[in-house]
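Asks: please find the sequence and the predicted model below.
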Amino acid sequence: MSRFAGLYFVMLLTACSSIAPDPGQEAVLIDKPILFGSEGVRDDVVHTGRRYVWFTTEHVIVNMLPRQYAVHFDDLMSSDGVPLDFDAIIRLQVTDSVRLIKEFGPDWYVSNVEKEFANRVRQAVRKHGMNETAINTTAIDDIDNEVSSSMEEYIRSAKIPVKLIQVTVGKANPPDSIKSQRIETAAQQQRVLTEVQRKLAEDSRKLAEKSRADADNAYRQAMQLSPDQFLQLETIKMQREACGNGGCTFIVGETPPVLLPARR
């Protein structure tokens, strides 16, 4: 009797398979009996742990945690006709794994969400120009909000049991030719600013020199000196400053003063 019991146990084990979802996952069971029983998706799921089912029962692992899906766009035209490259990300969370698999299948995202998401991103980006999306990025928030609102409406109308958490559209990248033009434009603008600053400095120096000349002339007139006398006075001042540290000697006579270096 024990021999038959053991054989029965072995046959039972070979007729079963185990399912062990990881934390954050659910296993949706799909019955496909060979002879007897009903087929289709079961209403109950396998949560974290292990369960043994008949070998004819298949299962689909569904991640119940928030997941993000990325879409890359090449040469998407902006409103001003510039082709842009960028990435967009949508984050979704499954709310009902059984209904999701029963009504939309294991490839629910590719079949029901991906193309709709890409189309709505294209429509939103085409409303804005290159400078808004690629240079100043002032339109990125508007695009995120527009796509989020549109996708929420689509998911609700399609009755897909997932929750939209976030839509993020990255900064767009213009073509290399546009980047080169922007760099050259920036360089030209910098050169113009440099020239403006140089002219301002020259004008300031010119004004300073004119103010100093006006002050010297006013001093000359107040002292009632002729231009020659004023020049002689300025020369004496310069010579006095040059010999202020005792490094030279004045020789004064009938001729203009002579400046001799000090003996060492």
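Replies: Now that the structure is in, tell me what you want to look at. Please read these numbers as outputs of a predicted model, since none were measured by experiment.
Asks: next up, the contacts around the residue nearest to Pro106 when sequence neighbours are not counted.
Replies: Spatially, and ignoring its direct neighbours in sequence, Pro106 is nearest to Val60 (5.0 Å; CB to CB, 6 or more residues apart in numbering). In short, each C-beta sits where N, CA and C put it, glycine included. Applying CB atoms under 8 Å, 6 or more residues apart in numbering to Val60 gives the contacts 27-28, 30, 101, 106.
Asks: using JSON lines, lay out those together with neighbour count.
Replies: Compiled in JSON lines, the contacts of Val60 are given as follows (neighbours: other CB atoms under 10 Å):
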{"residue": "Ala27", "neighbour count": "22"}
{"residue": "Val28", "neighbour count": "23"}
{"residue": "Ile30", "neighbour count": "16"}
{"residue": "Ile101", "neighbour count": "23"}
{"residue": "Pro106", "neighbour count": "14"}
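Asks: tell me the secondary structure of the residue sitting nearest the centre point of the chain, please.
Replies: Nearest to the geometric centre of the chain sits Lys171, at 5.2 Å (CA atoms, centre = their mean). When classified by DSSP: H, G, I helix; E, B strand; the rest coil, Lys171 comes out as coil.
Asks: ok, the residue nearest to it when sequence neighbours are not counted to Asn173 distance?
Replies: Among residues not flanking Lys171 along the chain, Thr137 sits closest, at 5.5 Å (CB to CB, 6+ apart). Thr137 sits 12 Å away from Asn173, going by CB to CB, to the nearest Å.
Asks: ok, Leu100 next?
Replies: 35 Å.
Asks: neighbour count: the two, which is higher?
Replies: Leu100 (23 against 15; other CB atoms under 10 Å).
Asks: so where's the stretch 51-200 of the chain uncertain?
Replies: By pLDDT under 70, the low-scoring segments of the stretch 51-200 of the chain are 52-56, 175-190.
Asks: quick one, strands of it?
Replies: Ranges of strands within the stretch 51-200 of the chain are 51-54, 57-63, 67-77, 83-94, 162-169, based on DSSP state E, counting those that start in this stretch.
Asks: these: which one's closest to Gln123?
Replies: strand 67-77 (10.5 Å; CB to CB).
Asks: tell me what the closest one is packed against?
Replies: strand 83-94, helix 114-125 (3 or more CB pairs under 8 Å, 6 or more residues apart in numbering; DSSP states H and E).
Asks: make JSON lines out of those and add mean neighbour count and distance to Arg50.
Replies: Output for these, formatted as JSON lines (neighbours: other CB atoms under 10 Å; distance: least, CB to CB, whole Å):
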{"stretch": "strand 83-94", "mean neighbour count": "18", "distance to Arg50": "21"}
{"stretch": "helix 114-125", "mean neighbour count": "18", "distance to Arg50": "33"}
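Asks: redo the ones you listed as JSON lines? Include distance to Gln221.
Replies: As requested, the helices and strands packed on strand 67-77 are exported to JSON lines (distance: least, CB to CB, whole Å):
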{"stretch": "strand 83-94", "distance to Gln221": "71"}
{"stretch": "helix 114-125", "distance to Gln221": "74"}
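Asks: I'd like to know which of these is closest to Ala201.
Replies: strand 83-94 (41.7 Å).
Asks: could you list every helix and strand in contact with that closest one?
Replies: strand 67-77, helix 114-125, strand 162-169.
Asks: measure how far that strand is from the centre of its chain, please.
Replies: 14 Å (CA atoms, centre = their mean, to the nearest Å).
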